[in-house]
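Chemist: Fold the following for me, if possible:
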Amino acid sequence: KNIVHSNFQVVHILVEMVDRVRHPARGLASPAQQAQHALGELCAALTDARLLPDILRCRVLHRLCFAALTPYVAILEAWLHQGTLDADTKEEFFVHVSDAAARPDGLPGEPVIL
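Modeler: Down below sits the predicted model:
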């Protein structure tokens, strides 16, 4: 009975988060805007959950945050260590390649602007 109740609570938390992370202008927002909104809402939900004595909610949201942020950490690592944004296939990262920008250090490679 406790397992069924716990699973029901997890499903309820997930459904609640799906509704919360949807961008209000989903059809008009860019992938980067949608990702920023979703991650912001997810982090806010985790912060809110930490104020409550609901351990299951904190665990579920912590796992969601970890899973959602893992690809961004990989993109950030590749950008910082290799100078490439190849891992950002959906252009959701906050840094974008611009052909018009020149590297200030004069080194070869993709120019990157913030």
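Chemist: Now do the strands in this structure.
Modeler: 96-97, 112-113 (DSSP state E).
Chemist: weakest of those by average pLDDT?
Modeler: For these, mean pLDDT drops lowest on strand 112-113, to a mean of 50.
Chemist: any low-confidence regions in this protein?
Modeler: Scanning the chain for pLDDT under 70 picks out 1-5, 26, 90-114.
Chemist: Which residues are in contact with the nearest residue to Gln33 once chain neighbours are set aside?
Modeler: Counting by Cβ to Cβ, 6 or more residues apart in numbering, His23 is the residue found nearest to Gln33 once chain neighbours are left out, at 6.6 Å. All C-beta spots, glycine's among them, are computed from the backbone N, C-alpha and C. Counting by Cβ atoms under 8 Å, 6 or more residues apart in numbering, His23 touches Ala29, Gln33, Gln34, His37, Ala38.
Chemist: what are the ranges of the helices in the chain?
Modeler: Taking DSSP state H as the criterion, the chain carries its helices at 2-21, 31-50, 55-82.
Chemist: how about a markdown table for those helices, with distance to Thr89 and mean neighbour count added?
Modeler: Listed next are the helices of the chain as a markdown table, based on distance: least, Cβ to Cβ, whole Å; neighbours: other Cβ atoms under 10 Å:
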| stretch | distance to Thr89 | mean neighbour count |
| --- | --- | --- |
| helix 2-21 | 20 | 12 |
| helix 31-50 | 10 | 16 |
| helix 55-82 | 10 | 14 |
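Chemist: among those, which is nearest Asp88?
Modeler: Closest to Asp88 of the helices of the chain, according to Cβ to Cβ: helix 55-82, at 5.0 Å.
Chemist: Quick one: residues in contact with stretch 46-57.
Modeler: Ser6, Gln9, Val10, Ile13, Cys58, Leu61, His62, Leu64, Cys65.
Chemist: let me redo that: stretch 58-74
Modeler: In contact with stretch 58-74 (Cβ under 8 Å, 6+ apart) are residues 10, 13-14, 17, 38-39, 42-43, 45-46, 49-50, 52, 87, 92-93.
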